[in-house]
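Engineer: Below are the sequence and a predicted model for it; my questions follow.
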Amino acid sequence: MDQKKKYIHAVPNFSEGRRTEVIEAIVGEIKNVKGVKLIDFFPDADFNRTVIECIGEPEPLMEALLNMAEKAYELIDMEKQKGSHPRIGAQDTIPVFPLMNVTLEECAEFAEKVGTALFERFQVPVYFSGENARTPERRELGYIRKGQYEGLKEVVHLPERAPDLGPAKLHPSAGATIVSAATSNLVAINVLLSTIDIEIGKRIAKMMRGPSGGFSTIRSVAFKPDGYDNVAVSMNMFDIDQTPIYRAFQVIENEAKRYGLSIIGTQVCGTLRQKALINCAEYFLRLVDFDYNQIVENNILALVGEE
């Protein structure tokens, strides 16, 4: 019998990024749960949305996620919620990813249990995405979210837009929740440019993103991060194996030179796997014959994983 402890990475998003007391109440359902570690949370007032990152053993993590969703359903009314980020529900998404001693298949099974419990406990309809998608189209969040809460409410009775769990209508105040499993979370990177001209940033962002001719694995916009006057090209990178960070960085750097600009810094938003940064080190330092065990902390993690 395999006695190794299993750990899952979860990155739930709820539709509130402005009211501090609401954010703290919802995040509080993740904090101080034995067997679960809250890594951090990231409220965004413009998006009116908060991203939580946490890890945990499956059983306590599931209870923490369900309690968090219950609080979000209680405190967020989708009939009143407004923000610039696409959303369909108070607890908008619950994506999970394998972290240690857990397979993708086990994560998909975990996601199924989370989705089923959400509907059975709270009668909030559930859409499954990622590895749990019932159709190829539903692997993409954009397909499920098309029209957002207000638009989905009008077409949810159609078979192609109906939830996977629950009746063909949205919860009157909580909307619906998307639950999914995938190999890894997206990597969010902001590349800061030596300019305050947002139009230049928009041109570079457009050049980078897949739908407008850039990288198929990147979606990007231009904005000014909190605390900075400079413009950043903000990227959601969905496959850093196919499109490593260093490659996107170099393309932005080359494009910036056309405008007489340079890159002044790079922000990593949220977590990422060490492989993402080691790839950059391998490229820029031209590392050869490098082994991950040469990072001493990885040997400690290997010991913990055997417990």
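Structural biologist: Perfect, I can see it now.
Engineer: So what pairs up with N13 in the strands?
Structural biologist: Note on N13: beta-bridge partners V51, T93, judged by DSSP bridges.
Engineer: Burial check on it, number of neighbours?
Structural biologist: 22 (other Cβ atoms under 10 Å). For every residue, glycine as well, the C-beta is placed using N, CA and C.
Engineer: now the one 10 residues further on
Structural biologist: Residues within reach of I23, counting by other Cβ under 10 Å, total 18.
Engineer: what do you get for S173?
Structural biologist: Residues contacting S173 under the criterion other Cβ under 10 Å number 16.
Engineer: That one is in contact with G89, isn't it?
Structural biologist: No: if you go by Cβ atoms under 8 Å, S173 and G89 don't touch, sitting 9.8 Å apart.
Engineer: between the two, what contacts are shared?
Structural biologist: Shared contacts of S173 and G89 (Cβ atoms under 8 Å, 6 or more residues apart in numbering): M78.
Engineer: now the strands for the stretch 201-307 of the chain?
Structural biologist: Here the stretch 201-307 of the chain has its strands, by DSSP state E, counting those that start in this stretch, at 218-223, 232-237, 263-269.
Engineer: Can you give me the buried ones in the second one?
Structural biologist: Spelled out, that is strand 232-237. Residues of strand 232-237 classed as buried under the neighbour-count rule (16 or more other Cβ atoms under 10 Å) are 232-235, 237.
Engineer: picking up where we left off before, between the strands of the stretch 201-307 of the chain, which one is nearest to D40?
Structural biologist: strand 263-269 (10.2 Å; Cβ to Cβ).
Engineer: starting at the chain centroid, how far to that closest one?
Structural biologist: 18 Å (Cα atoms, centre = their mean, to the nearest Å).
Engineer: Which single one of the buried residues of strand 232-237 is nearest to Y73?
Structural biologist: Nearest to Y73 among these, with distances taken as Cβ to Cβ, is S234, at 29.5 Å.
Engineer: Next, the contact list for the closest one, please.
Structural biologist: Per Cβ under 8 Å, 6+ apart, neighbours of S234: 188-191, 205, 220-223, 225.
Engineer: what about 6 Å?
Structural biologist: With contacts defined as Cβ atoms under 6 Å, 6 or more residues apart in numbering, S234 is in contact with 190, 221, 223.
Engineer: Save those residues as JSON lines, and put in pLDDT too.
Structural biologist: Shown next, in JSON lines, are the contacts of S234 (pLDDT from 0 to 100):
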{"residue": "N190", "pLDDT": "95"}
{"residue": "V221", "pLDDT": "92"}
{"residue": "F223", "pLDDT": "91"}
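Engineer: Mark which of those residues are buried, thanks.
Structural biologist: 190, 223.
Engineer: can you list the contacts of S234 in CSV and add distance to V296?
Structural biologist: What follows is the contacts of S234, written out as CSV (distance: Cβ to Cβ, whole Å):
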residue, distance to V296
N190, 30
V221, 38
F223, 38
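Engineer: Just put the buried residues of strand 232-237 in JSON lines and tack on pLDDT and distance to D46.
Structural biologist: Converted to JSON lines, the buried residues of strand 232-237 look like this (pLDDT from 0 to 100; distance: Cβ to Cβ, whole Å):
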{"residue": "A232", "pLDDT": "96", "distance to D46": "14"}
{"residue": "V233", "pLDDT": "96", "distance to D46": "17"}
{"residue": "S234", "pLDDT": "94", "distance to D46": "12"}
{"residue": "M235", "pLDDT": "95", "distance to D46": "17"}
{"residue": "M237", "pLDDT": "95", "distance to D46": "21"}
